[in-house]
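**Student:** Next one to model:
(one chain, ligands or ions: 1)
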Amino acid sequence: MDNLKYFWNKLKYNISSLMHRLLAGRYGIDHLYRFLTVIVYILLFIQIIFKVRHLYLLTMIILFYSFFRAFSKNHQARHKENQLFLQYQRKFSSWFNLQIRKLKERKGYRFKVCPHCKQNLRVKNIKGRHTVRCPKCHNSFEVRI
Ligand SMILES: [Zn+2]
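**Tutor:** Below you'll find the model as predicted:
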């Protein structure tokens, strides 16, 4: 029994030190890696459920790209890619949240874009022409509801 425990601990130590040597100096996991992994799982799920074979190549490309990024030693380039991804993710999530808000408040309000600063404005849903003052850039403009 002690022998088995000894070998088990030795195996755990060897695997752990091997992983440390393998991953030393590598970029590792970031937001883009996690996102790509989710995409790979979704594509695999689609392939299994709908029996779409043509997605196989795309799945493998995404999978190898995510591995390439995780094992890359060029931290600066990978960080730059991740920042670009996060920038697009923030834009998408703010757009998505706005669409949800528009849907929730569609009965009481209309959403208009300020022509001067492109700020989204919420205007009460009262029919007719109104002069609206943008709270961000303080310019006034006319809207028709
Ligand atoms: Zn404005």
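**Student:** what helices or strands is the helix ranked longest in the chain leaning on?
**Tutor:** Criterion DSSP state H: the longest helix present in the chain is helix 75-104. Using 3 or more CB pairs under 8 Å, 6 or more residues apart in numbering; DSSP states H and E, the elements in contact with helix 75-104 are helix 31-50, strand 109-113. Where you see a C-beta, it was placed from the backbone N, CA and C, and this is true even at glycine.
**Student:** Recalculate using a threshold of 10 Å.
**Tutor:** Applying 3 or more CB pairs under 10 Å, 6 or more residues apart in numbering; DSSP states H and E, we find helix 75-104 packed against helix 31-50, helix 55-71, strand 109-113, strand 120-124.
**Student:** by contact count, what packs against the first one?
**Tutor:** It refers to helix 31-50. helix 55-71, helix 75-104.
**Student:** could the ones you listed be laid out in TSV, adding mean neighbour count and distance to the ion?
**Tutor:** Compiled in TSV, the helices and strands packed on helix 31-50 are given as follows (neighbours: other CB atoms under 10 Å; distance: least, CB to the ion, whole Å):
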stretch	mean neighbour count	distance to the ion
helix 55-71	14	39
helix 75-104	12	16
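**Student:** tell me, what residue is most central in this structure?
**Tutor:** With distances taken as CA atoms, centre = their mean, the chain has residue 89 as the residue nearest its mean C-alpha position (4.5 Å).
**Student:** contacting residues for that residue?
**Tutor:** 31-32, 35 (CB atoms under 10 Å, 6 or more residues apart in numbering).
**Student:** Nothing else from me, thank you.
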